[in-house]
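Enquirer: Quick one: sequence plus predicted model below, questions after.
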Amino acid sequence: MVFFDELLGFLGRFHPLLVHLPIGILLLAFVMAIRTQFKGGDMYLPAIKLSLFLGTIAAIVAALSGYLLSRNGGYEEDVLSYHKWLGIAVAISSLLLWFLYRKESPGAFRFWLFFILVLLIGVTGHYGGTLTHGKGYFVEAMPVALKKLFKAEEDKEEVFIVQNAQEAEAYKGIIQPILKQRCQSCHGQRKQEGGLALDTKENLLKGGENGTVLNANDSKKSELYARLVLPEGHKKRMPPKGRTPITADQIKLIAWWIDQGANFDKKVHEIPQTEEIAHLLKKLETGEKEESAVLYADLPAAPALPKDKVDAWQAKGIKIIQVARDNNFVLVNAINYPQFNDKDLQELLAIKDNIVQLKLGNTAVTDLAFSTLSAMPILSRLHLENTKISDAGLSQLKGLSKLTYLNLTGTKVTSKGLSKLNELPSLKNVYLYKTVNQEVAAIKQLNAKIKADTGNYSLPFIETDTIRF
C-alpha cells in the first residue's frame, strides 16, 4: 500500500511535462479548424480528427497526473480548485469535439466550441502558472502603461508583522519570513532554481549548485546578501526583474543577521543592534512601511541611468540601488568603498537628477564635497557620519530644498556650523552624536521643526532582563 501511494506521487511529478502536450496538439488542431471553417474544403479534416484524438488522450492523462500531484499538498486551495476543474473541462471539451469532428458534415457549433476550448486552455494555464509562481506573477511583470490601460492591480501583499520583535527568534521570526515572502517562489519546496532552496535552515546552509550562499559574520562575502544589492537590471540580481523586489529595510535586516554570526537559535535581543537596526525591528511590530515611490511622487521624472557608469561604480564597491520599481530614483551607498573621495563624488553628478539618498559615512570626503552636494537637486537623505567635514561648507547645503535627513555623527561640526541648518526648509532630523559642543549651543540654535538626536542612550536594567545593554 505504501509503495502504491509512493508510485502515485511519483507519477504526479510528470504533470509539468505532460501538461504541455495537449496544449500544443489542440492549438495546432484549432489552427487547422480555422482554415477549414473560413476557407472551406475538407483537406485538413483527417488531421484535425487525429489531432483531437491525440489531444484528448493527452488532456486526460495531464488531468490525471495533475490530480496525483495535487495530493501532495502545498498549494493554495482556491487556485488549485480553479485549475483542477478547468483542466477537467478542457479534457471533456476535447473529447466532445473529437466526436463532433468525426461527423462528415461541417458545423459552426463545433468550431465555436473549439474557440471556447482554446480560451479554457488559456485560463487553465493562467491558474497553473499562479500555482507555480504565486499570485500576481503575470501582473507584476506587466508594463506600467498596460497595467493602467487594463486597470490591472497586483494582489495586495500581506503585511509582515511581529508582535514583539525583540523577543522573537532572529531567524525563525524575522529572517525566515522575509525569505519566504521574497525568495521562496523560486527557491522553496516546490522550486529550486540553481539547486538552491531557502525554506529551511538545512537548505540555507547547504547552498546551491554554485556552493554556499551564507558566510557567517561577513554579509559582503555571502551570496545571499550580495545578490540583493546588485544594480537593477543586473542578470544576477535577486529577486530577478519582473518579481516584487526586496525592500531596503529587509536587505539591512538580512545583512545585520549575517554580520552578527547568522545564528539560528538566538532571540533578537540577544544579538547586538545598531540604533538603525533597532528602529527597523520596531517597525515590524506595527507594519509601518519604509519610504517608497510615494515619498518621491512630487519629484520630476528621473532620467534613465547610464548602465556603463553604474557598472563601473558597482565594480568599485559603490552601490547604486533603485528605491522603487516604477522610477529611476536611487540610493548611492559607498559603504564598501571607504576610499570614496571628493573626486568620486563629482563623478556622481552624472546622475544628480536620480540621487535621492546618499550614504558617504566613513569615507574620505572633505569640505570640498559640499559644492558638489549642493548641485544634487532632489537629495533627501545625506549620511556624512565619521568623515572629515567641518563647519566650512555647511552653508552650501542651503540649496538642497528636499533634504529631510542629515547625519553628522562623529564629525568636527560645531554649533557655529549647525546654525546654518536653519536655512534648509525641509530638514526634519539631524544626528549629532560625538560632535563638538553637542549638548550646549548646537541644539538651542536649531529651530523647532528640526529634531536633533545626540545619541548616547542608556537603557535601564530591570530584574527581568537577561542581558545588559
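Expert: Here it is on my side, so go on.
Enquirer: doesn't A59 make contact with S94?
Expert: Yes. If you go by Cβ atoms under 8 Å, S94 and A59 touch, sitting 4.9 Å apart. Quick note: C-beta positions are derived from backbone N, CA and C, even for glycine.
Enquirer: and for those two, which residues touch both?
Expert: 22, 26 (Cβ atoms under 8 Å, 6 or more residues apart in numbering).
Enquirer: Comparing the two, which shows the higher neighbour count?
Expert: The neighbour count for S94 versus A59, taken as other Cβ atoms under 10 Å, is higher for A59 (30 against 27).
Enquirer: and that one, how far is that from I121?
Expert: Separation of A59 from I121 (Cβ to Cβ, to the nearest Å): 9 Å.
Enquirer: can you list residues touching both of those two?
Expert: 22, 26, 90.
Enquirer: A helix includes L358, no?
Expert: No. Under DSSP: H, G, I helix; E, B strand; the rest coil, L358 sits outside any helix and is assigned strand.
Enquirer: Specify the beta-bridge partners of it.
Expert: V332, L382 (DSSP bridges).
Enquirer: Show the contacting residues for it.
Expert: Neighbours of L358 in contact, by Cβ under 8 Å, 6+ apart: 331-332, 373, 376, 379, 381-383.
Enquirer: Just want the most central residue of the chain.
Expert: P245 (1.6 Å; Cα atoms, centre = their mean).
Enquirer: So it sits against P239, correct?
Expert: Yes. Look at P245 against P239 with Cβ under 8 Å: they come within range, at 6.0 Å.
Enquirer: if we can go back for a sec, which two from the contacts of L358 end up farthest apart in space?
Expert: Using Cβ to Cβ, the two most remote members of the contacts of L358 are L331 and L373, lying 15.1 Å apart.
Enquirer: Just want to know which of the two has more residues nearby.
Expert: L373 (24 against 18).
Enquirer: What helix or strand is the closest residue to V118 other than its chain neighbours located in?
Expert: Using Cβ to Cβ, 6 or more residues apart in numbering and skipping residues adjacent in sequence, the residue nearest V118 is F30, 5.4 Å away. According to DSSP states H and E, F30 maps onto helix 20-39.
Enquirer: Name the residues of that helix that come out as buried.
Expert: 21-23, 25-26, 29-30, 32-33, 36-37 (16 or more other Cβ atoms under 10 Å).
Enquirer: L421: which of those residues is nearest?
Expert: Among the buried residues of helix 20-39, and counting by Cβ to Cβ, the member closest to L421 is I23, at 64.2 Å.
Enquirer: Check what pLDDT the closest one gets.
Expert: pLDDT, I23: 89.
Enquirer: Quick one: residues contacting it.
Expert: Applying Cβ under 8 Å, 6+ apart, the residues near I23 are 121, 125.
Enquirer: How about the one 5 residues further on?
Expert: If a contact means Cβ under 8 Å, 6+ apart, then L28 has S51 as its contacts.
Enquirer: Check T366 too.
Expert: 341-342, 387-389.
Enquirer: Which among those residues count as buried?
Expert: Buried among the contacts of T366 by 16+ other Cβ under 10 Å: 341-342, 387, 389.
Enquirer: Narrow the residues you listed to those in helices?
Expert: D342 (DSSP state H).
Enquirer: where does this structure have its least confident helix or strand?
Expert: Within the chain, no helix or strand scores below helix 441-444, which has a mean of 56 by mean pLDDT, DSSP states H and E.
Enquirer: after it comes which helix or strand?
Expert: Downstream of helix 441-444, the first helix or strand assigned by DSSP H and E is strand 451-453.
Enquirer: What's the local residue count around S426?
Expert: S426, neighbours per other Cβ under 10 Å, totals 12.
Enquirer: switch to numbering from 768
Expert: In the new numbering, first residue 768, that becomes S1193.
Enquirer: ok, it - contacts?
Expert: Shown in contact with S1193 (Cβ under 8 Å, 6+ apart): 1147, 1168-1171.
Enquirer: now do 7 Å
Expert: For S1193, the contact set (Cβ atoms under 7 Å, 6 or more residues apart in numbering) comprises 1168-1171.
Enquirer: Quick check: the gap between it and F770.
Expert: From S1193 to F770 the distance is 70 Å (Cβ to Cβ).
Enquirer: before we move on, what about A796?
Expert: 39 Å.
Enquirer: tell me the secondary structure for W1023?
Expert: W1023 ends up helix, using three-state DSSP.
Enquirer: Isn't it up against H1046?
Expert: No. The criterion here is Cβ atoms under 7 Å, and W1023 misses it with H1046 at 11.7 Å.
Enquirer: more crowded one of those two?
Expert: W1023 (22 against 12).
Enquirer: hmm, who's touching stretch 856-874?
Expert: Against stretch 856-874 from outside (Cβ under 7 Å, 6+ apart): 793, 815-816, 819-820, 822-823, 826-827, 830, 877, 880-881, 884, 887-888, 891.
Enquirer: and it, which residues are buried?
Expert: Buried-residue list, stretch 856-874, by 16+ other Cβ under 10 Å: 856-862, 864-865, 867-868, 873.
Enquirer: from those residues, which ones fall inside helices?
Expert: Using DSSP H, the buried residues of stretch 856-874 in helices are 856-862, 864-865, 867-868.
Enquirer: And the furthest pair within these?
Expert: A856 and Y868 (18.2 Å).
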